[in-house]
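Colleague: next come a sequence and a model predicted from it.
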Amino acid sequence: MELYSNIIGEGKPFLILHGFLGMGDNWKTLGKRFSENGYEVHLIDQRNHGRSAHTSAFSYELMAEDLKEYCDQHNLKDIVLLGHSMGGKTAMKFACQYPELMGKLIVADIAPKYYAPHHQTILEGLTMLSNAELTSRGEADEKLEEYIKEWGVRQFLLKNLYWKEKGKLALRMNLEALKENINEIGQALTSEETFSGSSLFINGGNSNYIKAEDKSLIKEHFPNSVVLTIKGVGHWLHAEKPDEFYEAVIEFINKS
């Protein structure tokens with residue numbers, strides 16, 4: 001499957017995978033900063049998200065295969081691979097399945113364990129938006145506020161809005177397929193999947209996605225890994241403290 005991407009800069013390949021209901025564009029500011037350090041940054045839309053193809057099939061197995069195809073098409077190897085949340089799950093899967101293409105792995109605020117579905121309210125709000133006759137982003141924000149109180153989360157979700165035609169807003173993601181496959185989002189790595197390459201897990205101090213007891217599981221799958229906590233941030237750690245996140249990643253990937 002052809003994946004849409006925005007490529008910034010030149011140098012060593014650095015691929016970034018967004019989280020559930022996001023898109024590569026969410027990482028534009030940080031991507032530009034990484035590119036200034038001699039990296040060719042690929043901001044990728046995963047299947048059923050952003051401008052990449054919509055399909056009824058959806059799983060981490062498929063998303064790892066999509067990424068392998070992408071690397072083959074662009075002749076990429078020895079890659080730096082960074083994934084946040086759902087993107088982190090894809091990145092872990094990819095690193096375990098295609099270690100020959102990997103340089104370093106960075107996983108933002110997700111563990112290799114199973115997570116129960118917990119996006120129901122967000123999906124209800126987006127379903128309401130997709131059925132509404134929207135004429136402005138302000139109107140969409142007002143309607144979405146009935147479901148999601150956090151302004152920052154709404155702004156993140158509303159980035160998916162685009163003008164489908166004059167006077168008509170629509171959502172870029174394949175909402176039906178994502179709702180249909182919601183149980184896939186929380187899937188764990190299988191017990192035999194491991195990656196022995198250099199790996200960094202960054203979690204938010206206020207987030208409960210990576211708990212103290214998950215660290216031993218991370219080590220089982222990723223024996224050459226370090227877990228780093230950024231204090232005072234939640235699940236969107238890269239958006240809340242971009243400077244700290246950037247420094248942590250750069251320090252890790254620049255180490256020989």
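Modeller: Right, received. Where do you want to start?
Colleague: hmm, residue 188 is touching residue 114, no?
Modeller: Yes. At 4.1 Å, residue 188 counts as touching residue 114 under the criterion of Cβ atoms under 8 Å. In short, each C-beta sits where N, CA and C put it, glycine included.
Colleague: the more surrounded of these two?
Modeller: The neighbour count for residue 188 versus residue 114, taken as other Cβ atoms under 10 Å, is higher for residue 188 (16 against 10).
Colleague: per-residue pLDDT, the more buried one?
Modeller: Looking at residue 188, its pLDDT reads 98.
Colleague: which residues does stretch 190-197 contact?
Modeller: Stretch 190-197 is contacted by residues 92-93, 95-97, 99, 102-105, 112, 220-224 when judged by Cβ atoms under 8 Å, 6 or more residues apart in numbering.
Colleague: which residues of the stretch 1-150 of the chain fall in strands?
Modeller: Ranges of strands in the stretch 1-150 of the chain, per DSSP state E, counting those that start in this stretch, are 5-8, 12-17, 39-44, 79-84, 102-108.
Colleague: an error on my part: the question was meant for the stretch 151-256 of the chain.
Modeller: Secondary structure of the stretch 151-256 of the chain (DSSP E, counting those that start in this stretch): strands located at 161-165, 168-171, 199-204, 225-230.
Colleague: nearest to residue 156, of the strands of the stretch 1-150 of the chain?
Modeller: Nearest to residue 156 among the strands of the stretch 1-150 of the chain is strand 79-84; the distance by Cβ to Cβ comes to 11.4 Å.
Colleague: that closest one to strand 199-204, inter-axis angle?
Modeller: 20 degrees (axes from the mean of the first three to the mean of the last three Cα atoms, to 10 degrees).
Colleague: packing partners of strand 79-84?
Modeller: Contact analysis of strand 79-84 by 3 or more Cβ pairs under 8 Å, 6 or more residues apart in numbering; DSSP states H and E lists strand 12-17, helix 86-97, strand 102-108 as its packing neighbours.
Colleague: same list (those) but as TSV, adding mean pLDDT, mean neighbour count and distance to residue 176.
Modeller: Conversion of those to TSV gives the following (pLDDT from 0 to 100; neighbours: other Cβ atoms under 10 Å; distance: least, Cβ to Cβ, whole Å):
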stretch	mean pLDDT	mean neighbour count	distance to residue 176
strand 12-17	98	25	22
helix 86-97	98	26	17
strand 102-108	98	24	27
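Colleague: now for those, which one comes closest to residue 171?
Modeller: Proximity to residue 171 (Cβ to Cβ) singles out helix 86-97 among the helices and strands packed on strand 79-84, at 16.8 Å.
Colleague: for the closest one, packing partners?
Modeller: Here helix 86-97 touches strand 12-17, helix 60-74, strand 79-84, strand 102-108, going by 3+ Cβ pairs under 8 Å, 6+ apart.
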